[in-house]
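In: Sequence first, then the predicted structure, then my questions.
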Amino acid sequence: MGSFYRHNIGININPPPAPETQIGINSSPFPLLLMGLNLPVVISTASLYLENPNFNKALASSITILAHLDTGATKTSIDIGLAKHLNLTPTGSLQSTTAAGLITMPTFAIDLQFPNTSLKSFINLSIGSCNLNFDITGNLNEPKNFAILIGRDILSYWNIVWNGPTSTVLIND
């Protein structure tokens with residue numbers, strides 16, 4: 001089996017079972033129904049900038065925030081306010097069709113990691129941007145305060161099992 005991410009529904013088992021142990025738990029479908037799937041990600045300055053001797057290393061940044069899986073998004077996108085907060089350098093622009101119509105927004109390059117999982121990182125990933133109303137001063141673990149939409153550009157690399165009745169998700173790459 002490849003690497004995986006298991007969506008934590010907040011149940012702790014002590015002592016923890018062996019890593020490959022399968023556990024059945026009856027749960028409610030409501031967490032996934034109400035919020036969809038959010039998972040923690042680490043966004044960092046793209047490696048291509050860090051390798052450039054002319055890049056001001058003081059501008060390098062990294063943050064752990066929540067990302068939302070969005071099967072309707074072609075391209076992974078970052079909240080434009082967070083991109084500015086992280087001093088990301090625009091790499092171009094992209095026209096996107098949104099619920100509000102066609103918009104043109106800047107694109108960026110980032111490194112994207114999935115902490116506490118064995119999912120592969122994406123290095124020098126080209127992403128779009130959008131307005132998600134992310135609150136950098138708010139609770140970064142609040143499910144409705146996500147700053148990245150993970151689009152089909154990443155989802156196409158993953159096998160995702162979404163079990164609605166038990167509100168569980170398994171991801172492997």
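Out: Great, that's in hand.
In: is it true that S62 touches A46?
Out: No. Assessed by Cβ atoms under 8 Å, S62 is found out of contact with A46, at 11.2 Å. Every C-beta, even on glycine, is put in place using the N, C-alpha and C of the backbone.
In: Neighbour count: those two, which is higher?
Out: Between S62 and A46, counted using other Cβ atoms under 10 Å, A46 has the larger neighbour count: 24 against 12.
In: Secondary structure element holding the residue nearest to the more buried one when sequence neighbours are not counted?
Out: Excluding the flanking residues, the one nearest A46 by Cβ to Cβ, 6 or more residues apart in numbering is A109, at 3.9 Å. Under the criterion of DSSP states H and E, A109 resides in strand 101-113.
In: same thing with L33?
Out: With DSSP H and E as criterion, L33 is part of helix 30-35.
In: now for the helix or strand just after that helix, which elements pack on it?
Out: Downstream of helix 30-35, the next assigned helix or strand under DSSP H and E is strand 38-45. Counting contacts by 3 or more Cβ pairs under 8 Å, 6 or more residues apart in numbering; DSSP states H and E, strand 38-45 packs against strand 62-69, strand 101-113, strand 148-150.
In: which of these sits most buried?
Out: strand 148-150 (a mean of 25; mean count of other Cβ atoms under 10 Å).
In: Quick check: bridge partners of the most centrally placed residue in the chain?
Out: Central residue of the chain (Cα atoms, centre = their mean): A67, 3.2 Å from the mean position. Note on A67: beta-bridge partners by DSSP bridges are L39, I148.
In: Repeat that for L94.
Out: Going by DSSP bridges, L94 forms beta bridges with M105.
In: on that earlier part again, OK, contacts around the residue nearest to the centre of the chain?
Out: By Cβ atoms under 8 Å, 6 or more residues apart in numbering, A67 lies in contact with 38-41, 146-150.
In: Also L33?
Out: Applying Cβ under 8 Å, 6+ apart, the residues contacting L33 are 164, 167.
In: Would you quantify the distance from it to W162?
Out: Computed as Cβ to Cβ, to the nearest Å, the L33 to W162 distance reads 11 Å.
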